[in-house]
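Chemist: need the 3D shape of this:
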Amino acid sequence: MPTLKTRREYALKYSKNIKRNGEIYFKSCANSRIYSKLHYSHRLFGSLINGEKAVVDITNIPIYFDCEIAPNAELKLTSDMSDEEMARGMRKKIEVMSASVFDIKVIERKPLKGFHEYPSKYLRIQMCTISGREELMSELQSKGMIIGNDDSTTGRGNYDKYIYHACREYEFKLSGWNSLKKATLVDKTSDFSAYKYFTIDVKDIHGVDVNIPDRRLIMSWDIEAFSSRSIGTKNIFVDATIKDDCIFIIGLTFRWANQLEPFVKVGISSIKGTKNGYKDKRITNDMSRIFIYASCEKTLLKKFGKVIAMMAPDVITGFNCCGFDWKYLYDRLVLYNLHTWFYNLINIYSDYSIDVSKMKFKLLNKSVKLTKYDYMSLQYLDVPGTVICDTMVAFRRSKPSSSYSLKKVLDTFGLPSKVDLPYSELFRYYRLCQKEPDSLNNLKKADMAIYYCIEDAHALDGLWGRMNILSPAEDLASVTYTDLLNSFTRPDSERLTNLLANAGCRDFSFSVRFTDMEKKKYEGGYVVVPIYSVNKEYPDFALDVQSLYPSAIRAWNLSPETIVKNKTEATRLRQKGHVLNSIVVTIDGERQKIWFVWHENDPKKYGLYPRALTKLFNSRLEYKRLLKKYETLAANASFLQNIISGKKEKDIAPPDGVNPPPSGWGTITEGPEDYEGFGVGMKNGYKKYSTDELQYEADQISYYDSKCLFYYGRQYNTKILMNTMYGLSGFASHPFYDPCLAGSITGFSQTVTRLAEQKAKESNFIVKYGDTDSIYVSPPRHLFKNVDKIYKEGKYTKEEYFTELVKITLVEADKLQNIINDMLNKYTKTTIVKMLYEEVLFPSVYFGKKKYGGIPHEKEIDFHPKNIKGYFVRGLEFKKKGNTQALVNLGQDIFMKILDIHSDKTVTEVVESSLMEYLKSDINIKDYIREKTYRPERQNICNLNFVKRMKLMGRKIPPAGSKFSFVYVTRNQAYDIRGRQIKKSTADTMEYPETVENDPTLSLDMMHYIGGSIQGMLARFLLPDNFELPDGVNPKDCSDDDFKHYDAICVKSSARQIEAIVTQYMGIDKTYTSTRGRELQAIYRQKRDVVIKELLPTVGHAGMILLDNTKGLFFKAKEEIAKYNTTPEIKKYLATQKDFVEKSIFKNSITYTLLYSIKTSVAHKKIEQEIAGFPILDDIIRELYGSNMDPYSVTVEQTRNVICDMLEPFDIDKTYIKYIQYQAYELTQLKMARVLSKKRAYVKALCATRK
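Modeler: Numbering: from 1, shown residues only. Sure, this is the predicted structure:
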């Protein structure tokens, strides 16, 4: 069995050379600030070209910020002073304010807010210390001065954003390749004895794009923990605070970033296995595994730390490691008092020693945004020189899913499933190995457990390759001058801000700090009112504006520093020769005109936004070109590999765009021109390849696929950055926030869509729908006359006829695209805004705004998609996340039937027939499972009540932050003692699916499912038949709010139609509950009258008040009274109203008459003014009960016996009798006893106070 070597030994085995073409190239990965009171330096961690770990200290980073030279009363700067005089005055004041000023010079920059013809003057204030910079900035801002280049330097470690400032100014990379010119290699006696250590001036490090294999080291890991409280198959979650719970296996793999397979796998375990470990039949030669035995958990943790120290990985990843593994590991280290020792060991600094009191700061807790509404808290150890990335978090951010177990994620990407070893079996193995560690059977079981853990870690290596996690994140950080951790954990707005700061750092001065500002509303995109219909007559096609918002910004130079909000200023600028475009926007309901200084198609006049977008746009075009290139090469290689494998020609599918080869083409030497350039050596036609030549080409598939993933990730990240730029202007906390700018971008976009709609109508096209950046139109009907005639003569089948219609539409779509683009070019005076044909939809259906779909035809015409993925669907309920599978299946079935070209049924007929099939089908509980996330810190009452009920019932509860599955079950309607319905809470109807499966008395609440989201979806489906506007209402004149109102009315009407079908089929009597309630109310009134007649002489009015008041009315009234103090007016009122109050409580307690009376009286102005003195509760008690309360102890049992005896003779539902008896017992024996004891205590305390 091989022994583990250090990272340096593995790297030197690859190559000892750290230079290429005489230069040192360093790929940075992590970074950390070097703390110093006198200067600012930063440390980068990463790898050299051979894979050796390296540390680079960047020195001489200037510490500065900018301050605008402007009049200021506090600094005694007046408007009549020249810029030079103000600069001298400010310099003197600043030098007095701070002793750490190093240098001050005057620079010229333009402010970013509003258009300025000429630059303003700023003081660039260079400081000696970081703390001095922060203090001076704060003081100047408090005096009303405008500050620029104010990146924060107060954060810890990677939160220190000043390095972003240095990075964008000097354009080196915090994640990517850098050239180290004039770097000094420090000798091995430094703090970094195990690594290469360089120091370099900030001016001598430069970011470069070089084609060098990425030799950063990635560690994947997984732990297996044992729960001592698990019994049999019942798994109890491990608890780090319980000493008998423990980590017994840690599996690790190490690989270079440019490789998918690890060069070494390590298993550290406290259970002993065989010498060679478990042998996987799928692996013929696996010599990379290393097993390390630890006698106990404490030793295991120590050896794990030593492995990390030896390998010094650049990236550490696990699956949910930031949700469980790191926190559990840290807690176990604390338990053994090893946390400081462990941290000092894995620390990249050889002589580092951290104080125990500071260790709590090393377990970081970050909140990461997964989706628009979903966040996750991450906990992990701050390992110096290493980036921590949770693979599960990366998956959830890229592919939101209701399930994200490792097995589910592997299945999603088509990777081999993880080893199947249940926790109960794993715990059994551990117990057996602890009991008889040297037994051969147990040794083999230990091998299996260790193998399971290692392979779980190894599965992440395949996931990182298939998900392409590292390359896009690194590219995003490189382009935006941020670091890798930022790409994994921070929002796009932060990166884009840094990118814009880089684009404008030579011309503008502005703040980059986020602050909270008042948010204002502005209009969104333009939506054309849809024609509710199912279209099977003639095709529709979509024209989509290419990157609408980025194109709008680039076309009209929409940017923070080109905006003009004043009409007088706009007129003055026009007179001086500037070209301005105007846009009308609506801000908080008020319309106003905004102007922008146009660039006149001169790149030198581009604003900050257009300049950055143009650079991103050109980069994306290049990435897409390279993506297409490698997709073609991959397809070619795959095609040739099929030949090698011996597949028949008819089974071989050539790449898209290439015609199938003629029969027997593999043996001919010349071929058609269609194959020119296809594959190696095909420029002159086909030739007969040797097996070796073809095998070489086929071996390139993996390489080409990786290139495709790389360039797809790059172009996708660029697209996200481009689309985010618009959002910055509308984000109230962002330094570039400007609702006028955001409204202008959407206003211009609205105009573009309206112009396209108008031009299509002028060309006799029928506009079916439009949504923000696209319109759906149908060609003029006269274009189809010839085809219609042939079809009517019976010369075409229906499918052939539809195919011809689509072909004509494709031609007309291209024509209309050119017409609209010519119009847009004239309007915008540029060629930037373009409308492109997307797809033909035929048949198509429109259910409402943002709810439509159809069968798309792009490269091929196909009317029979294999599954729902072949359909074009937008905004429909069955496409949304979190729905039950029953809803999804029903929705997909109806949608596909509606679009069936051979079906002549109306939408209503399709919906009703499919609904009946659904109602008649067998119920599969798995189709009705829903999921929610349990977050105790959030006030989700439904979730909290459900978990509370599960606790009380002794059932498992979901871990905080995790999702749990449930179904809704039927609960019989309950009634209170008065016959009133007791409202069921949603939490009361929730149950675990396995509980319902194992309990025959529980059944799914089908009315909840059908009457909720399913009914809403089906109602929407009916709108093509049911939607209609009131007489005299023109769709064009409808406001958005009016249209939503009419749409909602039609949906409700359709919902009633669905409800009637379901109610009739299921035989539901909706009047039953109300009828039953009235029956019980009548019984209650009858029995109450009898009880009153029998009990009143015995217990008096006071006893009857408690008896009749099951809702605790008196005590609500008492609490209300307790809020006020004794006043003459209240005493007088209560004295005169004594009889009225008593009778009201007795006769009408359920109407809360007393409570209402007291509220009304206290609300009187005169009484409010005289409130003073002591509480009057004792007065109320004395009025109602008298001074002697002892008789009540006798009447409790009497009351209960009388009620029970009087109810028995009557012919009442037995369940109801038991319920009333229970209520009576609860009311009298429990409530009255508690009430009396409380009242006695209160009266005694009150009397003592008054004395």
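
Chemist: would you put the C-alpha positions of stretch 252-270 in PDB?
Modeler: Extracted in PDB, the C-alpha atoms of stretch 252-270 (Å, rounded to 0.1, in the frame of the first residue of the first chain):
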ATOM      1  CA  LEU A 252     -10.700  12.300   0.900                       C
ATOM      2  CA  THR A 253      -9.600  12.600  -2.700                       C
ATOM      3  CA  PHE A 254      -7.000  14.900  -4.200                       C
ATOM      4  CA  ARG A 255      -6.800  15.900  -7.900                       C
ATOM      5  CA  TRP A 256      -5.400  18.700 -10.000                       C
ATOM      6  CA  ALA A 257      -7.900  21.200 -11.300                       C
ATOM      7  CA  ASN A 258      -7.200  20.200 -15.000                       C
ATOM      8  CA  GLN A 259      -8.000  16.500 -14.300                       C
ATOM      9  CA  LEU A 260     -11.200  14.800 -13.300                       C
ATOM     10  CA  GLU A 261      -9.700  11.700 -11.700                       C
ATOM     11  CA  PRO A 262      -7.800  12.000  -8.400                       C
ATOM     12  CA  PHE A 263      -4.200  11.000  -8.200                       C
ATOM     13  CA  VAL A 264      -4.700   9.800  -4.600                       C
ATOM     14  CA  LYS A 265      -7.600   8.700  -2.500                       C
ATOM     15  CA  VAL A 266      -7.300   8.700   1.300                       C
ATOM     16  CA  GLY A 267      -9.400   6.900   3.900                       C
ATOM     17  CA  ILE A 268      -8.800   7.800   7.600                       C
ATOM     18  CA  SER A 269     -10.800   5.500   9.900                       C
ATOM     19  CA  SER A 270     -11.000   4.500  13.500                       C
END
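
Chemist: pretty sure A312 sits against R7.
Modeler: Yes - using Cβ atoms under 8 Å, A312 is in contact with R7, at 5.2 Å. Where C-beta positions appear, they are placed from N, C-alpha and C, glycine not excepted.

Chemist: if I look at those two, which residues touch both of them?
Modeler: Common contacts of A312 and R7, defined by Cβ atoms under 8 Å, 6 or more residues apart in numbering, comprise K53, L217.

Chemist: for these two, indicate the residue with more neighbours.
Modeler: Taking neighbours as other Cβ atoms under 10 Å, A312 and R7 compare with A312 leading, 24 against 21.

Chemist: leaving out chain neighbours, which residue sits closest to that one?
Modeler: K53 (4.6 Å; Cβ to Cβ, 6 or more residues apart in numbering).

Chemist: which residue lies nearest the spatial centre of this protein?
Modeler: T371 (0.8 Å; Cα atoms, centre = their mean).

Chemist: from Q715, how far off is that residue?
Modeler: Separation of T371 from Q715 (Cβ to Cβ, to the nearest Å): 22 Å.

Chemist: ok, now W221?
Modeler: 32 Å.

Chemist: who has more neighbours out of the two?
Modeler: W221 (28 against 21).

Chemist: where's the closest residue in space to I469 that isn't next to it in sequence, which helix or strand?
Modeler: Distances taken as Cβ to Cβ, 6+ apart put A394 closest to I469, at 5.1 Å, once the chain neighbours are dropped. Taking DSSP states H and E as the definition, one finds A394 inside helix 391-398.

Chemist: same question, V368
Modeler: With DSSP H and E as the criterion, V368 is inside strand 363-369.

Chemist: list the contacts for the residue nearest to A312?
Modeler: Contact partners of K53, counting by Cβ under 8 Å, 6+ apart, are 7-8, 11, 45-47, 194-196, 217, 312, 314, 348, 385.

Chemist: quick one: contacts for Y726?
Modeler: Residues in contact with Y726 (Cβ under 8 Å, 6+ apart) are Y549, P550, I553, A742, I745.

Chemist: what is the neighbour count of K13?
Modeler: Applying other Cβ under 10 Å, we find 12 residues neighbouring K13.

Chemist: er, N566 actually
Modeler: By other Cβ under 10 Å, the residues close to N566 number 12.

Chemist: could we number from 811 for the rest of this?
Modeler: All set: I'll call the first residue 811, so the last point we hit is now N1376.

Chemist: now do it against T1396, distance only.
Modeler: For N1376, the distance to T1396 (Cβ to Cβ) stands at 18 Å.
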